[in-house]
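*Asks:* structure, please.
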Amino acid sequence: MRSIILIALFLALLDQSLYAHGGGLDGLGCHYDRRRGGYHCHRGPLAGQSFASKEEAEKKLKSMREEKPAQPPSR
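*Replies:* Okay, the predicted model is just below:
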């Protein structure tokens with residue numbers, strides 16, 4: 001029983017390490033992926049999305065902001 005628990009714990013930790021990678025995030029919460037190529041986001045409004053370049057991500061963010069109607073000031 002103990003060995004099964006240790007194996008399960010090892011696999012759980014191994015699984016997390018497969019997704020982790022170094023690389024600082026920029027102001028958009030994104031960075032270039034040198035291993036696979038492209039540019040992807042971990043935080044912010046673009047989290048979970050991948051792009052061919054930072055410029056493509058910025059275009060997407062701009063279009064998202066244009067789609068969202070401006071909020072009137074609250075009183």
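*Asks:* and residue 70, what pLDDT?
*Replies:* Residue 70 carries a pLDDT value of 63.
*Asks:* show me what contacts residue 57?
*Replies:* For residue 57, the contact set (C-beta atoms under 8 Å, 6 or more residues apart in numbering) comprises 28, 30, 39, 41, 46, 49, 51. Every C-beta, even on glycine, is put in place using the N, C-alpha and C of the backbone.
*Asks:* same check on residue 51?
*Replies:* With contact taken as C-beta under 8 Å, 6+ apart, residue 51 is in contact with 30, 38, 39, 40, 41, 57, 60.
*Asks:* tell me the contacts of the nearest residue to the fourth one once chain neighbours are set aside?
*Replies:* Taking C-beta to C-beta, 6 or more residues apart in numbering as the measure, residue 40 lies nearest to residue 50, with 4.2 Å between them; neighbours along the chain are not counted. Applying C-beta under 8 Å, 6+ apart, one finds that residue 50 lies in contact with 33, 38, 39, 40, 41.
*Asks:* if we can go back for a sec, which one among the contacts of residue 57 gets closest to residue 67?
*Replies:* Distance ranking of the contacts of residue 57 against residue 67, using C-beta to C-beta, places residue 46 first at 13.9 Å.
*Asks:* my guess is that closest one contacts residue 26. True?
*Replies:* No - using C-beta atoms under 8 Å as the test, residue 46 is too far from residue 26 to be in contact (11.0 Å).
*Asks:* between these two, which one's more packed in?
*Replies:* The neighbour count for residue 46 versus residue 26, taken as other C-beta atoms under 10 Å, is higher for residue 46 (20 against 14).
*Asks:* about what we covered before: show me which of the contacts of residue 50 has the smallest pLDDT value.
*Replies:* pLDDT across the contacts of residue 50 is lowest for residue 33, at 88.
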